[in-house]
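>>> just the structure for this:
(chains A and B)
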Amino acid sequence: GAGVSQSPSNKVTEKGKDVELRCDPISGHTALYWYRQSLGQGLEFLIYFQGNSAPDKSGLPSDRFSAERTGGSVSTLTIQRTQQEDSAVYLCASSTSGTSSYNEQFFGPGTRLTVL
Amino acid sequence: AQSVSQHNHHVILSEAASLELGCNYSYGGTVNLFWYVQYPGQHLQLLLKYFSGDPLVKGIKGFEAEFIKSKFSFNLRKPSVQWSDTAEYFCAVNAKSSYIPTFGRGTSLIVHP
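Below is the predicted model of the structure:
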């Protein structure tokens, strides 16, 4: 079946504007993760959704970042009042269940965000 | 909090050379360990994983990794690399009590034909 998809693949925005990044996980995957990958850095965890449970937002770097997941499927990551340091590749991953730590994550292609 | 260190940030090899990429983690409890690979222009994908049992794990494309608990290490190896192994390699660690993995910074491998 289809893998994890993300849109847009590239986004260029001006400092101070808001952006929305979208993730479509693999059908049936209940766990969904957002990560940020800056140049030369590893993957920085942002937020985690598991089914209908309250999300784990512990990785969000500031209150300008928020995310939601509608109907247990599609997720949107919103960055308000973007700053140049927000420039990065934003990756989404899904897995069959987040209640076990054993599960392989399937990653999307990422959205490359550039803030001018 | 757990952390993951990948000591080699950039590795350049010729085809047929042997490869070993280091990965060390800091966490005192039991863990699950992963290596992910990102080929140029492609998604991150799982290369191999260790949950329990035999500490020598074999993955796709001839890769293997050995979990050495006493050294908190999970090094990735391949006896003879190919040009197609050129990619970014990430080590990740999950505490068994957690559902959020910690990733290393990654190692960029370039294999010259």
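>>> for residue 38, give me its contacts.
This is for chain A. Neighbour list for residue A:38: A:44, A:87, A:88, A:89 [criterion: CB atoms under 8 Å, 6 or more residues apart in numbering or on different chains]. Every residue, glycine included, has its C-beta placed from N, CA and C.
>>> my question was about chain B, not that one.
Contacts of residue B:38 by CB under 8 Å, 6+ apart are B:44, B:45, B:87, B:88, B:89, B:90.
>>> count of residues packed around the residue nearest to residue A:40 when sequence neighbours are not counted?
Closest residue to residue A:40 apart from its sequence neighbours, by CB to CB, 6 or more residues apart in numbering or on different chains: residue B:105 at 7.1 Å. Residue B:105: 17 surrounding residues under other CB atoms under 10 Å in any protein chain shown.
>>> hang on, residue B:105 packs against residue A:41?
Yes. Counting by CB atoms under 8 Å, residue B:105 does reach residue A:41; the two are 5.9 Å apart.
>>> my reading is that residue A:85 lies in a helix. Confirm?
Yes. Looking at residue A:85 with DSSP: H, G, I helix; E, B strand; the rest coil, it is inside a helix.
>>> roughly how far apart are it and chain B?
Using CB to the nearest CB, to the nearest Å, residue A:85 is found at 18 Å from chain B.
>>> export the contacts of residue A:38 to JSON lines and tack on distance to chain B, pLDDT and neighbour count?
Supplementary listing: the contacts of residue A:38 in JSON lines, determined by distance: CB to the nearest CB, whole Å; pLDDT from 0 to 100; neighbours: other CB atoms under 10 Å in any protein chain shown:
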{"residue": "A:44", "distance to chain B": "8", "pLDDT": "92", "neighbour count": "17"}
{"residue": "A:87", "distance to chain B": "18", "pLDDT": "96", "neighbour count": "17"}
{"residue": "A:88", "distance to chain B": "14", "pLDDT": "96", "neighbour count": "19"}
{"residue": "A:89", "distance to chain B": "10", "pLDDT": "96", "neighbour count": "17"}
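>>> so which of the residues you listed are in strands?
If you go by DSSP state E, the contacts of residue A:38 have A:44, A:88, A:89 in strands.
>>> which one is the first one nearest to, not counting chain neighbours?
Read that as residue A:44. Leaving aside its sequence neighbours, residue A:44 sits nearest to residue A:36 (CB to CB, 6+ apart; 4.6 Å).
>>> report the contact partners of the one you found.
Going by CB under 8 Å, 6+ apart, the list of residues near residue A:36 reads A:43, A:44, A:46, A:61, A:88, A:89, A:90, A:91.
>>> distance of the most centrally placed residue in chain A relative to residue A:43?
Centrality entry for chain A: nearest residue to the mean C-alpha point is residue A:34, 2.9 Å, by CA atoms, centre = their mean. Residue A:34 is 10 Å from residue A:43, where distance means CB to CB, to the nearest Å.
>>> what sits in contact with each of these two?
residue A:91.
>>> I figured residue B:59 was touching residue B:50, is that so?
No. Using CB under 8 Å, residue B:59 makes no contact with residue B:50, being 9.9 Å away.
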